[in-house]
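[1] sequence and predicted structure are below.
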Amino acid sequence: LLRPTEPVAGGSDASSGRALVVHPFLKRRAGALPARAPEARLEEAVGLAAAIRLEIAASALAPLAAPRPATLIGQGKVAELKALVAERAIELTVVDGTLTPVQQRNLEKELACKVLDRTGLILEIFGARARTREGRLQVELARLDYQKGRLVRSWTHLERQRGGSGKLGGPGETQLESDRRALGERILRLKKQLAEVQRTRALHRAERRKAPHPVVALVGYTNAGKSTLFNRLTGGRVFAADLLFATLDPTMRGLDLPSGRRIILSDTVGFISDLPHELVAAFRATLEEVLEAALIVHVRDVSHPDSAAQDEDVHRVLGEIGIGDRAAERMLVAANKIDRLDAAAREDWRRRAERDPAVVPVSALGGDGMAELLAAIDARLGGARRLVEVTLAAADGATLAWLYRHGEVVARDSVEGGRIALKVGLDPADLGRLEKRLGAGALGAR
Ligand SMILES: Nc1nc2c(ncn2[C@@H]2O[C@H](COP(=O)(O)OP(=O)(O)O)[C@@H](O)[C@H]2O)c(=O)[nH]1
Ligand SMILES: [Mg+2]
C-alpha cells in the first residue's frame, strides 16, 4: 500500500561526506554534433552528487586533449585536483565520466581519497530511491553487473554475503574465480526473481491503486527544480538539492488542494542526460510509480539551453513506458525558472499558458505561479469532487466495494450497531448514483 512517508527525524540534513565533483570532457570532439556545454554538464553532476547527500566542497572542469589510459584525466590536472583534495579535506571525488576499474584505483591512489564514477554515482541514487520491488531488483542487478569488472574491490562485500556456508568451488579454484562464480549465480537468481516480479506486476498494480488519494508525480530532468517545487508546495519541511538528501527518501507527501481534495505529491528520480545504457532498465523501473499516478506534472527548466531536447526526451521515454497515449490528459507542464528568462521570453510563456491550460509558468524558487499550478492540478483531477460522510450496514459489502471502486475513501470507522462510517470523495455523477442507491438523506455532506 502506498502511503506518504515522513522525513526521518534527526540527522536528515547530515552530510554523507565532503566531495569534489569533476567533469572531464574532450576538448576537440570528433563528431559533427555540438557537445552540450561542459558547464551545464558539471552543474548537472553537482546536482546528482547533492542528491546522495554529499557536501560539494569544490567542482572543476577537466578538459582533455585525449583520455589518459592510466587515470583518464591528464597528469597536470590530477596534480591540481590532488592539491584541492588536501586543501579542502575532501573525502570523495566524483568523476562525471566512465572510469575503468584500473583508472579508478589509480586515481584513488593519486588523489588520496575515494573515487566514484558517473555510473557508480547514479547507482547510488537509484539504490536509495528505488521504491518498488522491481525497482530494487533492477538496481541490484545493475550494481552487480557494474561490480563484475571491479571484483577485486568488492571482495569484502561478497565475502560478507556468502556468510559462513563456504564450500563454494572445488579445490584449486582461486578466490577471484569463486567470487566471480558467486556473482554470476547471484545475477542469475536476481534475473529469475525479476521475471517473476514482472509477471505479477499487474497484480501488484491493482493493489497499489487502493492508495487513499490520487498521486500526482513530478517528473523532469535533474536540476529542473522538482524538489524545490515539491518543498514549496508541501510546506518546505525538506530542503532542496543544495541541502542534500532532499530527493532521497521522503519523496511522497500529502497535500490539500484549494478544493479540499487531498493528493499525494511524489518527487521522482530525475531524468539524467546521457544515462549509461546499462542503467536504463533500472531508471525505467524507478519511473514505474509514475505509471500509477493520476496526474503527471512535467517540471521543465525553461531557462536551460537544452530545454527543448530535454522536453523531447521526457516525452519519448514516457511514451516508451506506456503513458504516451494517455499523457495528454494526464499531464501538466510546470514551465519552471521563469525568473531566469528575459521579459520577452517570459511573456511568450504567459501567452502560451493562456492558449493551453496544461501549461503553467512558475518559479519554484520565487513562488510565482504556485496558486495557478494548484488550481490547474485541481481542475485536472476534477475539482468538483466532494467529500461526503456515509454510514453503511457492515453487511452491505456491495456498497462498500462500490465506494472503494468509484470514490476515494479517506476515513473509515466502526460505529454503534455494527455499522461503518466512511468519509468518501466522489465526483458529482457518482454522488448522484450513490444517492439513488442509498436513498436521499443517507448522506451527510461536508
Ligand atoms: N532561478 C531559479 N532556480 C531554481 C528554480 N527552481 C529550482 N531552482 C534551482 O535549481 C537547482 C535544482 O533544483 P532542484 O529542485 O534540486 O532540482 P531537481 O533535480 O529537479 O529536484 C537548485 O539550485 C534550485 O535552487 C527557479 O524557479 N528559479
Ligand atoms: Mg530533486
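    Noted; the coordinates are in hand. Ligands and ions are numbered 1, 2, ... in the order given.
[2] residue 361 and ligand 2: what is the separation?
    20 Å (C-beta to the ion, to the nearest Å). Just so you know, the C-beta spots here come from the backbone N, C-alpha and C atoms, and that holds for glycine as well.
[3] check contacts around that residue.
    With contacts defined as C-beta atoms under 8 Å, 6 or more residues apart in numbering, residue 361 is in contact with 302, 335, 338, 346, 349, 350, 352, 353, 368, 369.
[4] show the pLDDT at the residue of the stretch 51-200 of the chain found nearest ligand 2.
    Going by C-beta to the ion, ligand 2 is nearest to residue 51 of the stretch 51-200 of the chain, at 6.0 Å. Listed pLDDT for residue 51 reads 82.
[5] that one and residue 196, how far apart?
    The gap separating residue 51 from residue 196 is 30 Å, by C-beta to C-beta, to the nearest Å.
[6] circling back: among the contacts of residue 361, which ones are buried?
    Buried residues within the contacts of residue 361, counting neighbours by 16 or more other C-beta atoms under 10 Å: 302, 335, 338, 346, 349, 353, 368, 369.
[7] in its sheet, what does the helix or strand harbouring residue 334 sit against?
    In this assignment (DSSP states H and E), residue 334 forms part of strand 331-336. The strands beside strand 331-336 in its sheet (DSSP bridges) come out as strand 295-301 (parallel), strand 359-361 (parallel).
[8] for it, give the mean pLDDT please.
    What strand 331-336 shows for mean pLDDT is 96.
[9] residues contacting the helix or strand just after that strand, please?
    Of the helices and strands lying after strand 331-336 in sequence (DSSP H and E), the nearest is helix 343-355. Residues outside helix 343-355 that contact it (C-beta under 8 Å, 6+ apart) are 302, 335, 338, 341, 359, 360, 361.
[10] could you pull up the mean pLDDT of stretch 21-39?
    77.
[11] contact residues of the protein facing ligand 1?
    47, 220, 222-228, 240-242, 247, 270, 336-337, 339-340, 363-365 (C-beta under 6 Å from any ligand atom).
[12] sorry, back to before: give me whichever of the strands paired with strand 331-336 is most buried.
    Among those, ranked by average contacts under mean count of other C-beta atoms under 10 Å, first place goes to strand 295-301 (a mean of 24).
[13] tell me the angle the helix or strand just after that strand makes with strand 295-301.
    Heading C-terminal from strand 295-301, the first helix or strand you meet, by DSSP H and E, is helix 307-320. Taking axes from the mean of the first three to the mean of the last three C-alpha atoms, to 10 degrees, one finds helix 307-320 and strand 295-301 inclined to each other by 160 degrees.
[14] can you pull the contacts of residue 112?
    Residue 112 makes contacts with 82, 85, 86, as judged by C-beta under 8 Å, 6+ apart.
[15] what element comes up after the helix or strand hosting the last one heading to the C-terminus?
    Yep, that's residue 86 we're talking about. Using DSSP H and E, residue 86 sits within helix 75-87. Next helix or strand after helix 75-87 toward the C-terminus (DSSP H and E): strand 92-95.
[16] quick check: mean pLDDT across that following strand?
    Per-residue pLDDT values over strand 92-95 give a mean of 96.
[17] centre of the chain to that strand, how far?
    Centroid separation for strand 92-95 versus its chain: 22 Å, with C-alpha atoms, centre = their mean, to the nearest Å.
[18] equivalent analysis for stretch 130-144, please.
    13 Å.
[19] can I get it in CSV, CA atoms only?
    Only the C-alpha atoms of stretch 130-144 are listed here, as CSV (Å, rounded to 0.1, in the frame of the first residue of the first chain):
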residue,chain,number,x,y,z
ALA,A,130,14.0,2.5,-5.7
ARG,A,131,10.6,2.0,-4.1
THR,A,132,9.1,-0.9,-5.8
ARG,A,133,10.4,-4.4,-5.6
GLU,A,134,11.0,-4.4,-9.3
GLY,A,135,12.9,-1.2,-9.0
ARG,A,136,15.1,-2.6,-6.2
LEU,A,137,15.8,-5.7,-8.2
GLN,A,138,16.7,-3.8,-11.3
VAL,A,139,19.1,-1.6,-9.4
GLU,A,140,20.7,-4.5,-7.6
LEU,A,141,21.2,-6.2,-11.0
ALA,A,142,22.8,-3.2,-12.5
ARG,A,143,25.0,-2.9,-9.4
LEU,A,144,26.2,-6.5,-9.6
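[20] how about the strands of this protein, start to end?
    Using DSSP state E, the strands of the chain run over 18-26, 55-64, 92-95, 114-117, 215-219, 252-256, 262-267, 295-301, 331-336, 359-361, 386-393, 408-415, 419-426, 443-445.
[21] worst average pLDDT in those?
    strand 443-445 (a mean of 59).
[22] residue 388 is in contact with residue 427, isn't it?
    No - in this structure, residue 388 is not within contact of residue 427 by C-beta atoms under 8 Å, at 11.2 Å.
[23] those two - which one has more neighbours?
    Just comparing residue 388 and residue 427: by other C-beta atoms under 10 Å the higher neighbour count belongs to residue 388, 19 against 16.
[24] biggest helix in the protein by residues?
    helix 175-199 (DSSP state H).
[25] what's it packed up against?
    Of the remaining helices and strands, those touching helix 175-199 by 3 or more C-beta pairs under 8 Å, 6 or more residues apart in numbering; DSSP states H and E are helix 133-148, helix 155-162.
[26] repeat that with 10 Å
    Where contact means 3 or more C-beta pairs under 10 Å, 6 or more residues apart in numbering; DSSP states H and E, helix 175-199 is packed against helix 133-148, helix 155-162, helix 280-286.
[27] and it with helix 133-148, angle?
    Relative orientation of helix 175-199 and helix 133-148, computed by the same axes, to 10 degrees: 160 degrees.
[28] so how far is residue 16 from the residue lying closest to residue 118 once chain neighbours are set aside?
    Ranked by C-beta to C-beta, 6 or more residues apart in numbering and with sequence neighbours excluded, the top spatial neighbour of residue 118 is residue 96, at 5.2 Å. According to C-beta to C-beta, residue 96 stands 18 Å off from residue 16.
[29] more crowded one of those two?
    The neighbour count for residue 96 versus residue 16, taken as other C-beta under 10 Å, is higher for residue 96 (25 against 15).
[30] please report phi then psi for that one.
    phi -80, psi 60 (degrees, to the nearest 10).
[31] in contact with residue 375, which residues?
    Contact analysis of residue 375 by C-beta atoms under 10 Å, 6 or more residues apart in numbering lists 257, 258, 259, 357, 360, 383.
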